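1. Sequence first, predicted model second:
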Amino acid sequence: SAAAMTPVQPKESPRGGSKDSSQVAHCVQRGMIMNEETSRLIKIGKGTYNKLVEKGWEVDETAGVISPPTKKKSSSSAKKK
């Protein structure tokens, strides 16, 4: 009866987005991301999030974390301009 325990379509995401949901943190799927500095969830695309991104914060959708630019040596500084 162990065969009945096989997962049902693991690749299938509840809402068909362009992103592969298995690569994205659960909170990100729900439109939230964790501010690494304050350990609080902020809404993606809202005021705080946009301000942090403008300041050059690193968005890691796989981990579901947005972290200050000081954390990493800015190898991605040429991303926007």
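-> Received, thanks.
2. Looking at this structure, which helix is longest?
-> helix 47-54 (DSSP state H).
3. Which strands or helices does that helix pack on?
-> strand 32-35, strand 40-43, strand 65-67 (3 or more CB pairs under 8 Å, 6 or more residues apart in numbering; DSSP states H and E). From N, CA and C alone the C-beta is placed, and that goes for glycine too.
4. Dig out what Val65 forms beta bridges with.
-> Under DSSP bridges, the beta-bridge partners of Val65 are Met34, Asp60.
5. For stretch 36-52, C-alpha coordinates in CSV please.
-> Extracted as CSV, the C-alpha positions of stretch 36-52 are listed here (Å, rounded to 0.1, in the frame of the first residue of the first chain):
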residue,chain,number,x,y,z
GLU,A,36,17.1,40.5,7.0
GLU,A,37,18.0,43.5,9.1
THR,A,38,14.7,43.6,11.1
SER,A,39,13.6,40.0,10.6
ARG,A,40,10.1,41.3,9.6
LEU,A,41,8.1,40.5,6.6
ILE,A,42,7.5,43.3,4.1
LYS,A,43,5.2,43.4,1.1
ILE,A,44,6.9,43.0,-2.3
GLY,A,45,6.3,46.1,-4.5
LYS,A,46,5.2,48.3,-1.6
GLY,A,47,6.9,51.4,-0.2
THR,A,48,9.4,49.9,2.1
TYR,A,49,10.4,47.2,-0.4
ASN,A,50,10.9,49.7,-3.2
LYS,A,51,13.0,52.0,-1.0
LEU,A,52,15.3,49.2,0.0
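6. how about a markdown table for the helices and strands packed on helix 47-54, with mean neighbour count and distance to His26 added?
-> Formatted as a markdown table, the helices and strands packed on helix 47-54 follow (neighbours: other CB atoms under 10 Å; distance: least, CB to CB, whole Å):
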| stretch | mean neighbour count | distance to His26 |
| --- | --- | --- |
| strand 32-35 | 20 | 9 |
| strand 40-43 | 14 | 11 |
| strand 65-67 | 19 | 12 |
